[in-house]
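[1] Everything below, folded, please.
(3 chains)
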Amino acid sequence: MTALRNILLRREAGILVMIILFCLAVGTQKPQFLTLDSLRIILLLTPLILIGAMGQMLVVVARHVDLSIGSMLGFSAMVTGMMFKFHPEIWWPVGFLVSIGTGALLGLINGLLVTLFRLPAIIVTLGTLNLYRGLTYIVSNAKQIDRQYVPTALKSMSQTSPIFGIPWIIFISFGVALLTYIFVMHTRVGRQIFALGSNPVAAPLRGVAVTRVTLLVFSISGALSGLAGILYAGRWGFVNPSNTGSGFEFQVIAAVVIGGVSINGGVGTVLGTILGVLLLGCVAAALPLLGIPGTTQSAIYGAVILIALLIDRTVRQQGIKSLTRARA
Amino acid sequence: MTDTTPLISARGISKNFASIEVLRDVDLDLQRGEIHALLGENGAGKSTFAKILAGVHRPSRGTITLNGQPVDILNPIVAQKLGITLIHQEPISFPDLSVAENLVLGRGDGGWFARVPWSEMTRNARALMDLLGVRIDVTRPMRGLSIADQQMVEIARALASDSRLIIMDEPTAPLTPKEVETLFGIARRLRDEGRTIIFISHRLEEVRALCDRVTIFRDGNKIATDTIGNLTDADIIRLMIGRPLKEFRHKARAEIGDVALKVEGLTLPGVFHDISFEVRKGEIVGLGGLVGAGRTDVARAIFGVAPATSGTVTVAGKGVTITEPAQAIDLGLAFVPEDRAAAGIFRTLSVEENISAAIPKQIAPTGFIRRTVEKALAQESVRKLSIKLASPRQPIGELSGGNQQKAILARWLLTNPSVLILDEPTRGIDIGVKAEFYDMIGDLAASGRAILLISSELPELLALCDRILVMSEGRLTADIPRDQATQETIMSAAVPRTARSGVAA
Amino acid sequence: MSAIQTPATRELPPARPRWQVIVVRPETMTLVLLIAALFGASLLSPYFLDVGYILRSFTLSAEFAIVALVLTMVIIAGEIDLSPAANMALSACLFAFAQQAGVPMPLAIAIGLFAGLVMGAINGIMVIALQIPSIIVTIGTLTLYRGLAQVIAGDKSIRVPDWFIGINTVLIAGIPLTVLIFIVMSIILGVVLSMTIFGRQIYQIGTNEVAARHAGIRSQRIKMSLFLLMGVVSAAAGLMTASRLGSVRYDLGLGGELQMVLMAMLGGTYIFGGRGTILGTFLAAWLLVIVSTGMTVANVPPSVQLVVQGVLLIVSIIATNFIYSRTQR
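    Predicted coordinates:
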């Protein structure tokens, strides 16, 4: 009984119910929404967000936030795209190393600014959001990397499939999620991230190397943004200095907050975040079907972030109430 | 005594904080299998010494040897590895992690990417809880555990890392007597296993009941170490304060007048229930009880910081509803809160601004601040309360604790309150300044103000109050007139009724 | 941690000399930088010795600068608002949409301003009544407001009537109107913040909100009024931008939050609240204008300017934190 109750009370169950209700609601209007094909569409909309959300989840669990992921995505994609363009002789999978490495470096810079100078991550990453975007213009000379330069093999990762007709890009994103799960649940440093976010003051007293863990978290966020960057180049076939990755941070933060990662740190699950991403994907896939113009998407993300914050707060209040009741 | 090498030998330990010496040349040996009490007033250095052993602070000078080997306790992690655990009064915990995880966190085995052995961890945690005889679900998160349970987890943590020295810093303050008994039982068992326990407490009776030896600190010096049986309570107190215990009595017994504050049936579910009392003009009413009995919550409710859900408050004969402090102040109430740093001072702002914070209408009748008025009021307060400072323009954070508290009191006196609620007004304050406060409180009552004094120090209540109310577990359990008040009558009312505490939990 | 306890007996440190209190503060840094920037810019181009040129350049940033003044007060009160630029866009879009739909101009302007007020109220309610951190609330509302602007305006630009265009070219005593508004607002808010009880209480809330509440300061009311003011002023700034540009698109003022935060930070406002002045933000606004105009004159591409702004933001917080940690024991 209690086990079942615990499962039902978990945050993940709530999001799952929301997804199902949403899909059924859309399905009554447009039955074609409830088909395998639209599942494919939904899944294809989400891989980049899912990858970014895994990094953001770690950052938020550690009681920080990373606003610069869109710019890191853009910069990494641009650097990789330029490698494809000017050094086509290099074997294309090397692009993954370049992109991930570039992202990790940018993330590390964020982390260093946050830890060395004890600055709030939100301001630092607001600064680097612009800084990295500006750097993207500079390195690219404000020129787009066009379709013909992106390796065909990379582009086809969004279509070709190793198995079950599911494209590579989806496998990669869920692989990242699985690795993140193993990382946070089964490694010591993964648990230290939760300890740090749960009680930053006490963490150093319990042997958490706060500086290094923080650096790691921001670097991972950067690295995953870099991975999302090269996949972006493959998915859309171009890298544009101004568009690529712009607004990515809001989608990802929306997904993470919906997924039940607490903005107060210490709380968050991979499953919840995946579900948060899927819910966003469902919304994004349903809009064109329902004839709602794409321009509404940003507004919907904004509304969804706020609603998720309200839910988060209500859950927290309920928790506090039940605790005080237990004490009385 | 087969092995006489002390477990820990500290020699010449000194500690400076920003050129102020808080610990001077302390030598101390701790034997295996003893419970050793550290006694002393606030600021005497006992906690600093304990924190040095636990690696929280590093000594400015001096050496520590463990089992005859010199050791350098760099930080709490090193301390942990050496088998030294400090249990804080408010235990450190990671509220979002499970109890089992809290137990092993910081043991530091394996690298960053070492696997977390969940099942083994849970199994070990269960075994430890059984060993301690406590029933805590180790898979639940720490959030919401009672302080007593959190302390048990800390003790379990010490056992998990097989600590040889366990330091308990005022562990009993938030506990019920039954929980204290459990704690003592466990402490004795650990001692009998050959572990060493340092027990820091203000309560002599507990020290007597539990400890083998005591060390007394005063003003950063170690004054004496002796077997507890060799010292009488009077000896200990004399050693602690360096002079015979002076009886504080507020001199002029004030004329007791009309009811100034009356509270009826005040209730905040889960926190306090059905609180009714009154305070008259010129009267000092004490409010005693254990930490966590709900005294501060009642004060906060009356003052509108966290209002009660039912019950009535009457000020000077008029029924009032107070939902925020601003209203309370308009009605002539004043509240000196318990936690000065968190709820009292504006650290980086000037003393002047701190003093004038509650009287916006006096210093700025038109909305524009009249600096001359403010300055004059602040200077007068500084003089009246003899606040020691370099300049009224300096940040209040630069003053000593006692002078900060005086400035807070000055802030409230400027509002000319008819009812003053003082919550632990002398906590963490020098003994000399304390006496000044007692005189001031007496004078305030003599000038016709009603005073509600919340205090955990029984002598303080006994010396100052005309009447003493006692709370226990959110309920008012006694109203003791001055001539019947003794430490025993207060304590017996403060102790929770076991039957009820069992059911309600 | 309360690891370092204040020892009970401690000697009084001497008060800092008065000249130090006056000179060692972040605004001095801003002023020095401003003079240095002016000097450097005048070497770059003789235009910078022409006051009129600087004033004209300032009109490009005046709207952000006006909002940054209020933002300074919000940050001193211990909160932050990242949504004002999105608020500007949505207010301007609503205004433009309404007047295009035939609503009389005064009413359309009122709609725009009222929308700003409502947006401020939404931020305020979520932060104050629901107690969600303002940083995350305003990230959410930033997305929402900008998104709603996009819903209303789509990808098109909406023109405004000819007579409404060009507030930046109206000169009063030789000063462009928007710059004059900025200067007047600076004086008013500067006086409010430094000389009134309302201003005093903003500092007190930002220093220690719990203590402020205990002292009877109605912190929620004050914060709410700041968020409302933020909303209205943002909307007014949005309308001014619409007048300057002559048309409204959903991306009006895009990225403006960075510039506003930058002005506040560069002016020495303490990111954790309780410290800062209007004077600092006032100086920082001029500094930024001279730096960015200087870069434009020197043919530095806008992308590099973006980099410079990002770097300036981070460097200014580091410097401010450093100065405050030095002057605070």
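[2] can you list the residues of the stretch 351-500 of chain B near chain C?
    Neighbours of chain C within the stretch 351-500 of chain B, by C-beta under 8 Å from any C-beta of the partner chain: B:353, B:357-358, B:360, B:363-364, B:367-369, B:388-391, B:393-395, B:397-402, B:411, B:428-430. To be clear about C-beta, it is placed using only N, CA and C from the backbone, and glycine gets the same treatment.
[3] Name the nearest residue to residue A:232, sequence neighbours excluded.
    What sits nearest to residue A:232 in space, not counting adjacent residues and going by C-beta to C-beta, 6 or more residues apart in numbering or on different chains, is residue A:77, at 5.3 Å.
[4] So which residue is dead centre in chain A?
    residue A:53 (1.8 Å; C-alpha atoms, centre = their mean).
[5] Verify the stated contact: it with residue A:271.
    No - look at residue A:53 against residue A:271 with C-beta atoms under 8 Å: they stay out of range, at 11.9 Å.
[6] Write the ChimeraX selection for whichever of the residues of the stretch 351-500 of chain B next to chain C are buried.
    Typed into ChimeraX, the line below selects the buried ones among these, using 16 or more other C-beta atoms under 10 Å in any protein chain shown:
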select /B:353,357,358,360,363,364,369,389,393,394,395,397,398,399,400,401,402,411,428,429,430
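[7] Could you tell me which ones among the residues of the stretch 351-500 of chain B next to chain C also sit near chain A?
    Of these, not one also sits near chain A (C-beta under 8 Å from any C-beta).
[8] Provide the secondary structure category for residue A:261.
    With DSSP: H, G, I helix; E, B strand; the rest coil as the basis, residue A:261 sits in coil.
[9] show me what contacts it?
    Applying C-beta atoms under 8 Å, 6 or more residues apart in numbering or on different chains to residue A:261 gives the contacts A:57, A:60-61, A:267-269, A:272-273.
[10] Then residue C:253?
    C:63-64, C:85-86, C:88-89, C:237-238, C:241.
[11] mind putting those in JSON lines, neighbour count and secondary structure included?
    Listed next are these as JSON lines, based on neighbours: other C-beta atoms under 10 Å in any protein chain shown; DSSP: H, G, I helix; E, B strand; the rest coil:
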{"residue": "C:63", "neighbour count": "33", "secondary structure": "helix"}
{"residue": "C:64", "neighbour count": "28", "secondary structure": "helix"}
{"residue": "C:85", "neighbour count": "27", "secondary structure": "helix"}
{"residue": "C:86", "neighbour count": "30", "secondary structure": "helix"}
{"residue": "C:88", "neighbour count": "34", "secondary structure": "helix"}
{"residue": "C:89", "neighbour count": "29", "secondary structure": "helix"}
{"residue": "C:237", "neighbour count": "31", "secondary structure": "helix"}
{"residue": "C:238", "neighbour count": "34", "secondary structure": "helix"}
{"residue": "C:241", "neighbour count": "25", "secondary structure": "helix"}
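[12] Tell me the residues of the stretch 151-300 of chain C that contact chain B?
    Counting by C-beta under 8 Å from any C-beta, the residues of the stretch 151-300 of chain C near chain B are C:195-198, C:200-201, C:203-204, C:207-208, C:210-218, C:274-275.
[13] how about the helices of the stretch 151-300 of chain A, start to end?
    Along the stretch 151-300 of chain A, the segments classed as helices by DSSP state H, counting those that start in this stretch run A:152-155, A:168-186, A:188-198, A:210-236, A:248-258, A:270-289, A:297-327.
[14] right, so the ones you listed: which one is the most enclosed?
    Neighbour counts (mean count of other C-beta atoms under 10 Å in any protein chain shown) averaged over each of those peak at helix A:248-258, with a mean of 28.
[15] relative to helix A:210-236, how tilted is it?
    120 degrees (axes from the mean of the first three to the mean of the last three C-alpha atoms, to 10 degrees).
[16] so who does the residue nearest the centre of chain C touch?
    In chain C, the C-alpha nearest the mean C-alpha coordinate belongs to residue C:68, at 0.9 Å (C-alpha atoms, centre = their mean). Shown in contact with residue C:68 (C-beta under 8 Å, 6+ apart): C:259-261, C:263-264, C:281, C:284-285.
[17] Go again with 10 Å.
    C:61, C:75, C:84, C:182, C:233, C:237, C:256, C:259-267, C:269, C:278, C:281-282, C:284-285, C:288 (C-beta atoms under 10 Å, 6 or more residues apart in numbering or on different chains).
[18] Okay, and it sits in which element?
    Assessed by DSSP states H and E, residue C:68 sits inside helix C:62-76.
[19] Then residue B:476?
    strand B:475-481.
[20] that older thread, out of the contacts of residue A:261, which comes closest to residue B:52?
    Within these, proximity to residue B:52 (C-beta to C-beta) peaks at residue A:61, which comes in at 33.6 Å.
[21] what about the closest one, neighbour count?
    When counting by other C-beta atoms under 10 Å in any protein chain shown, one arrives at 26 neighbours for residue A:61.
[22] what are the phi and psi angles of it?
    phi -60, psi -40 (degrees, to the nearest 10).
[23] That one against residue A:221, yeah?
    No - at 11.2 Å, residue A:61 and residue A:221 do not qualify as touching, with contact defined as C-beta atoms under 10 Å.
[24] circling back to that earlier point, tell me the SS of the residue nearest to the centre of chain A?
    Three-state call for residue A:53 (three-state DSSP): helix.
[25] Quick check: end-to-end length of stretch C:163-181?
    From its first residue to its last, stretch C:163-181 covers 19 Å (C-alpha to C-alpha, to the nearest Å).
[26] Which residues belonging to that stretch are considered buried?
    For stretch C:163-181, burial by neighbour count (16+ other C-beta under 10 Å) applies to C:164-165, C:167-168, C:175-181.
[27] The residue nearest to residue B:367 when sequence neighbours are not counted: neighbouring residues, count only.
    Among residues not flanking residue B:367 along the chain, residue C:196 sits closest, at 5.1 Å (C-beta to C-beta, 6+ apart). Residue C:196 is flanked by 17 other residues according to other C-beta under 10 Å.
[28] if I read this right, residue C:196 contacts residue C:73, doesn't it?
    No - look at residue C:196 against residue C:73 with C-beta under 10 Å: they stay out of range, at 11.8 Å.
[29] Now for these two: what residues contact both?
    residue C:202.
[30] could you check whether stretch C:294-304 is close to chain A?
    Yes - Stretch C:294-304 reaches chain A (C-beta under 10 Å from any C-beta of the partner chain) through C:301-304.
[31] Contacts for that stretch next, please.
    So stretch C:294-304 is in contact with A:133-142, A:241-242, C:37-38, C:40-45, C:47-48, C:53, C:57, C:60, C:292, C:305, C:307-308, going by C-beta under 10 Å, 6+ apart.
[32] Overlap of the contact sets of residue A:53 and residue A:271?
    By C-beta under 10 Å, 6+ apart, residue A:53 and residue A:271 have these common neighbours: A:177, A:259.
[33] List the contacts of residue A:22.
    Residues counted as contacts of residue A:22 (C-beta under 10 Å, 6+ apart) are A:33, A:279, A:282-283, A:286.
[34] Can you show me the helices along the stretch 251-400 of chain B?
    Using DSSP H, counting those that start in this stretch, helices in the stretch 251-400 of chain B cover B:295-303, B:325-330, B:351-355, B:360-363, B:371-384.
[35] Having no further points to raise, I will conclude here.
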